[in-house]
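S.K.: Here is my input, please return the structure:
(one chain, ligands or ions: 2)
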Amino acid sequence: MACSGSSACWVRARTCLKQKGRWLGRLQSRALQFSTSSDLEHPHVDMSHLLVKDHPQRPSALAQMRAALTTHGYFYSSNVDCLPQTYIENVYSYAQQLHALPTEQKRHCARPKGTYSGSDVGVDELAYEAGSTASVRAWDYSRTRFPTSGHNYPDVTCSVTGQGFFEFLDDLYERQDILGKALMTGFAEMLDLPPETFAQCFEGHDMGTIRLLRYPPAETPEEAARRQVASYGISPHTDFEAFTLMHQSAAGLQFLKPGGRAWLDAPVKKEEFVVIVGDVLERFTNGVLRATPHRVLQTEWERFSIIRFNAMRPETLIQPLPEFISKSRPARYTPVTMQKHMDTTLTRLERGLGAWEKGNPGRSTSANYVYDKPS
Ligand SMILES: O=C(O)CCC(=O)C(=O)O
Ligand SMILES: [Fe+2]
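M.R.: Residues are numbered from 1 along each chain as shown. Ligands and ions are numbered 1, 2, ... in the order given. Okay, here's the model as predicted:
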């Protein structure tokens, strides 16, 4: 792929920036700047301590995870056997094949008849911050959210594994589920809940989604013109599901420091998935865990990412659990099913209402949305 987060990629990215100072000027003028952050600032959990049964380090891994999610809202997960680096590279290579399809074929697979979106086919990413525009292009896959028949999917065989679209993405989904289930169990344990609390709503027909994203570089005048009007790679938001696994090929992703006003760059780590909190865990925990605000800047370089939203089954009732409610901390969130939370949030986005209230730094409106009825 063009940019895999390698040192060569970084050299290329830096050279690009030097050559095209006007882009940097534009980014700076919008105050969407890269911050300086050292790797030491970024929490990390060795997932083998949770994936291997009865691992002696499990209690300390749970404590690290809890500290990371309650203070930073994210952590880097390493040693995930089911998602090794060579496998991640294959995913990027397949994503690159999909994104390189001729526009006509992408148009055939565009939403709502398919699962592709991008300005090249006239279907922009929904604006999380109302009124903003994003340069991202996406191939989405879900076992339950999009119908398998009557929907247009790309007929592209992975040049490395020989798998087609469904086979390839379902294999990825299955591997992510191994990590996802370990995390769901771990989240419950770190919060002193019965281990199955979240995992039992996750198994079966959950509403999870994989996104293979591409943020195009401004290599052609046409693309440069499009990007001139785009405000972001992706505008600030929280994810609507329980938690998200993220992997990026190149820099661009930022997290909002909890309680802070500053955005922090997420470093590129080739072998590690970033784990962030979504709306559902915020609502279940009555705000003990907070959905993690994040955004992607307009970068000068091409960028790919692999995103997996981990959701519950559609009928799951999401409401503050009794363990998180007390006289001094009454329930702050109204009950809602997973299905209704997704439908309402997406409908509001389609109507241009956004899911993020602009401000300094702004706030998620999807995490706190007040429902009149649960379903
Ligand atoms: O591309 C990324 O790193 C983030 C994408 C994202 O936040 C999303 O699809 O919700
Ligand atoms: Fe997101």
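
S.K.: any idea which helix or strand comes after the helix or strand hosting Phe166?
M.R.: Counting by DSSP states H and E, the element that carries Phe166 is helix 165-190. The helix or strand immediately downstream of helix 165-190 is helix 196-199, counting by DSSP H and E.

S.K.: quick one: the residue of the chain found nearest ligand 1 and Leu213, what's the gap?
M.R.: Proximity to ligand 1, evaluated over the chain using CB to the nearest ligand atom, is greatest for Ser305 at 3.4 Å. From N, CA and C alone the C-beta is placed, and that goes for glycine too. Relative to Leu213, Ser305 is positioned 5 Å away (CB to CB, to the nearest Å).

S.K.: And Leu281, by the same measure?
M.R.: Using CB to CB, we find Leu281 at a distance of 22 Å from Leu213.

S.K.: Quick check, pLDDT for the residue in the chain sticking out farthest from the centre.
M.R.: Going by CA atoms, centre = their mean, the residue of the chain most distant from its centre is Lys327, 34.6 Å out. pLDDT, Lys327: 97.

S.K.: Can you pull the residues of the chain lying near ligand 1?
M.R.: 211, 213, 234, 239, 246, 248, 253, 294, 296, 305, 307 (CB under 6 Å from any ligand atom).

S.K.: Try it again at 8 Å.
M.R.: With CB under 8 Å from any ligand atom as the criterion, the chain meets ligand 1 at residues 136, 138, 211, 213, 215, 233-234, 237, 239, 244, 246, 248, 252-253, 266, 294-296, 303, 305, 307, 309.

S.K.: and the closest residue to Gly114 other than its chain neighbours, what does it touch?
M.R.: Nearest residue to Gly114 in three dimensions, chain neighbours excluded: Asn152, at 3.9 Å (CB to CB, 6 or more residues apart in numbering). Contacts here follow CB atoms under 8 Å, 6 or more residues apart in numbering; on that basis Asn152 touches 108-109, 113-114.

S.K.: Ok, Gly122 next?
M.R.: By CB under 8 Å, 6+ apart, the neighbours of Gly122 are 107, 110.

S.K.: Also Leu317?
M.R.: 335-337, 374.

S.K.: ok, 10 Å please
M.R.: Leu317 makes contacts with 201, 284, 335-338, 340, 374-375, as judged by CB atoms under 10 Å, 6 or more residues apart in numbering.

S.K.: What of Leu50?
M.R.: 57-58, 61-62, 65, 77, 79-80, 179, 182-183, 185-186, 189-190.

S.K.: how far away is it from Glu300?
M.R.: 37 Å.

S.K.: And for Phe309?
M.R.: 28 Å.

S.K.: likewise Leu69?
M.R.: Distance from Leu69 to Glu300, by CB to CB: 32 Å.

S.K.: residue ranges with poor pLDDT in the stretch 101-250 of the chain?
M.R.: The stretch 101-250 of the chain contains residues with pLDDT under 70 at 219-230.

S.K.: Would you map the helices across it?
M.R.: Assigned by DSSP state H, counting those that start in this stretch, the stretch 101-250 of the chain shows helices spanning 103-108, 165-190, 196-199, 221-229.

S.K.: Mean neighbour count added to the ones you listed, as a markdown table?
M.R.: Below are the helices of the stretch 101-250 of the chain laid out as a markdown table (neighbours: other CB atoms under 10 Å):
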| stretch | mean neighbour count |
| --- | --- |
| helix 103-108 | 15 |
| helix 165-190 | 20 |
| helix 196-199 | 19 |
| helix 221-229 | 13 |
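
S.K.: Looking at these, which is nearest to Ser364?
M.R.: helix 165-190 (19.0 Å; CB to CB).

S.K.: How far does that closest one sit from its chain's centre?
M.R.: Helix 165-190 sits 14 Å away from the centroid of its parent chain (CA atoms, centre = their mean, to the nearest Å).
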